[in-house]
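> Give me a model of this one.
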Amino acid sequence: MTEFDVKGWCPGALRPMRSGDGWVVRLRPRLARLTRVQARALCDAAQAYGAGLIDLTNRANVQIRGVRDAALAPLQQALAEMDLLDDTPGLEARRNILIAPDWTDGDDSARLWAELVERLADLPDLPPKMGFAMDAGPAPVLTQDPADVRIERGQGGLILRAEGRARGMALERGREIDALIGLCRWFVDTGGAQSGRMARHRAPLPDWANWDAAPLPARAPFKPGLTANGVVIGAAFGQIIARDLAQVLAILDVPALRVTPWRCLVLEGVSAAPELPASLIATPDHPALRVDACAGAPLCPQASVETRALAAQLAALVSGSLHVSGCAKGCARARAADVTVTGRDGLFDLVVQGRPVATGLTPPQLLVRFER
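Residues are numbered from 1 along each chain as shown. Take a look at the predicted model:
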């Protein structure tokens, strides 16, 4: 089996990650929101210091790829001037918090996000990829997105739920973050850090609460189109050409952008679908929105295959969700897809509905299998 390097942590802006095309610099916008000024400056920075591309991640972060060694410090300085940097790499790593993209000022999701940020120092030492979801809208919307500890809407109010468990505990208003911190301490005290993620930790839940509260049925994730917060636009594989986004911002009076974990942006305050550059998606049924594909070779040194050109070809042929990964790490998607294509030693292995179907396929051999 081909060996690959599991980093065990996500890149940041203060602790970027080296990749095949340079440094990957990832930002965690506060409340998953970029003001108009920040968004335009980010587009400029991606073109000046990186490869001119902005990635949207499944944790609702944004990242700039292809940053050269000499450009890293100037980029970090530019991000600091945009108020997009944390004070320390440790704080940056801990502030791994998803928020329901339709939050409003002062609602439960925004309130709890801010309260957790204020108390990050009270958390125990957690594995680097541990994350949280503030999903306190009318019903959960982040259920399929990566988080280890969730605050979400239940039948009688807010509940705290550990990832991998069907039910959680009912929360008292004003004590929600106390309970979240308590659950994290239980996770560490019972050896959870060795497993790395909450869903893999099967110790009995702590006896200081009743874990019998079910979340409400989940809402569907946003797709391109009109929402109460503005117009949603998509990006194939979550990758945006910075100059195209800058063009949209120059034409439209957009006060801010909201980043979702679904490879989409919300253009706040926009009430009608705009004409978009070809690299951006305006239609909810676009095949690329069903596809997750990692950066692949040569951008990622772990990958032995190119991924995104193949994923674009497969998107129109595969029904259901599709995941194309350049190696066995399976980056770009946290959960199983209907069809998974994984690179190995320059060829591809195919899994359909969780069942291995074929190994060692070339791209033409893969495409033939799905042609109608």
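> I would like the residues contacting stretch 85-98, please.
9-10, 12-15, 28, 32, 59-60, 76, 79, 113, 116-117, 120, 123, 126, 128-135, 142, 145-147, 261 (C-beta atoms under 8 Å, 6 or more residues apart in numbering). From N, CA and C alone the C-beta is placed, and that goes for glycine too.
> And those, which of them are buried?
Burial by neighbour count, judged by 16 or more other C-beta atoms under 10 Å, picks out 10, 12-15, 28, 32, 59-60, 76, 79, 113, 116-117, 120, 123, 126, 129-135, 142, 145-147, 261 from these.
> so where's the stretch 251-372 of the chain uncertain?
Across the stretch 251-372 of the chain, the ranges flagged by pLDDT under 70 are 372.
> at 80 what do you get?
Counting by pLDDT under 80, the stretch 251-372 of the chain contains low-confidence residues at 334, 372.
> would you list every one of the strands in it?
Using DSSP state E, counting those that start in this stretch, the strands of the stretch 251-372 of the chain run over 256-259, 264-268, 280-281, 291-293, 322-325, 339-344, 347-352, 355-361.
> Could you list every helix and strand that the first one packs against?
Think strand 256-259. Judged by 3 or more C-beta pairs under 8 Å, 6 or more residues apart in numbering; DSSP states H and E, the packing partners of strand 256-259 are strand 33-35, helix 36-49, strand 264-268.
> How far away from the center of its chain is it?
Taking C-alpha atoms, centre = their mean, to the nearest Å, one finds the center of strand 256-259 at 14 Å from the center of the full chain.
> for the second one, same thing?
Here strand 264-268 is found 15 Å from its chain centre; the criterion is C-alpha atoms, centre = their mean.
> neighbouring strands for that strand, and are they parallel or not?
Applying DSSP bridges, strand 264-268 is found paired with strand 230-235 (antiparallel), strand 256-259 (antiparallel).
> Next: the longest one.
When pairing is defined by DSSP bridges, strand 355-361 lines up against strand 347-352 (antiparallel).
> Repeat that for the fifth one.
Within its sheet, strand 322-325 is paired with strand 291-293 (parallel), strand 339-344 (parallel), according to DSSP bridges.
> Could you save these as CSV and add columns showing mean neighbour count and distance to D105?
Converted to CSV, those look like this (neighbours: other C-beta atoms under 10 Å; distance: least, C-beta to C-beta, whole Å):
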stretch, mean neighbour count, distance to D105
strand 291-293, 26, 32
strand 339-344, 23, 40
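> Now distance to G168 too, for the ones you listed, in a markdown table please.
Conversion of the strands paired with strand 322-325 to a markdown table gives the following (distance: least, C-beta to C-beta, whole Å):
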| stretch | distance to G168 |
| --- | --- |
| strand 291-293 | 27 |
| strand 339-344 | 30 |
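> Tell me which of the ones you listed sits nearest to F237.
When those are compared by C-beta to C-beta, strand 291-293 sits nearest F237, at 4.9 Å.
> and the closest one, how far from the chain's centre?
Going by C-alpha atoms, centre = their mean, where strand 291-293 is centred and where its chain is centred differ by 12 Å.
> repeat for stretch 256-276
The chain centre lies 16 Å from the centre of stretch 256-276; the measure is C-alpha atoms, centre = their mean.
> Could you tell me the end-to-end distance of it?
17 Å (C-alpha to C-alpha, to the nearest Å).
> Please identify the buried residues of it?
Here stretch 256-276 shows 256-268, 270, 276 as buried, counting by 16+ other C-beta under 10 Å.
> Closest one of those residues to F370?
Among the buried residues of stretch 256-276, and counting by C-beta to C-beta, the member closest to F370 is R263, at 21.7 Å.
> Please tell me how far D189 sits from R167.
Spatial separation of D189 from R167 under the definition C-beta to C-beta, to the nearest Å is 21 Å.
> Pick out whichever of those two has more residues nearby.
Residue environment comparison for D189 versus R167 gives the larger neighbour count to R167, 15 against 12, counting by other C-beta atoms under 10 Å.
> pLDDT wise, what is that one at?
Confidence at R167, expressed as pLDDT, is 98.
> do you know how far it is from L183?
When R167 is compared with L183 (using C-beta to C-beta), they lie 13 Å apart.
> cool, and L72?
Distance, L72 to L183, by C-beta to C-beta: 37 Å.
> for the stretch 51-200 of the chain, which spans come out with low pLDDT?
For the stretch 51-200 of the chain, counting by pLDDT under 80, not a single residue falls below.
> can you give me the strands for it?
Counting by DSSP E, counting those that start in this stretch, the stretch 51-200 of the chain forms strands over residues 53-56, 62-67, 97-99, 132-135, 149-154, 157-162, 169-170, given from the N-terminal end onward.
> Comparing those, which comes out most buried?
Neighbour counts (mean count of other C-beta atoms under 10 Å) averaged over each of the strands of the stretch 51-200 of the chain peak at strand 132-135, with a mean of 28.
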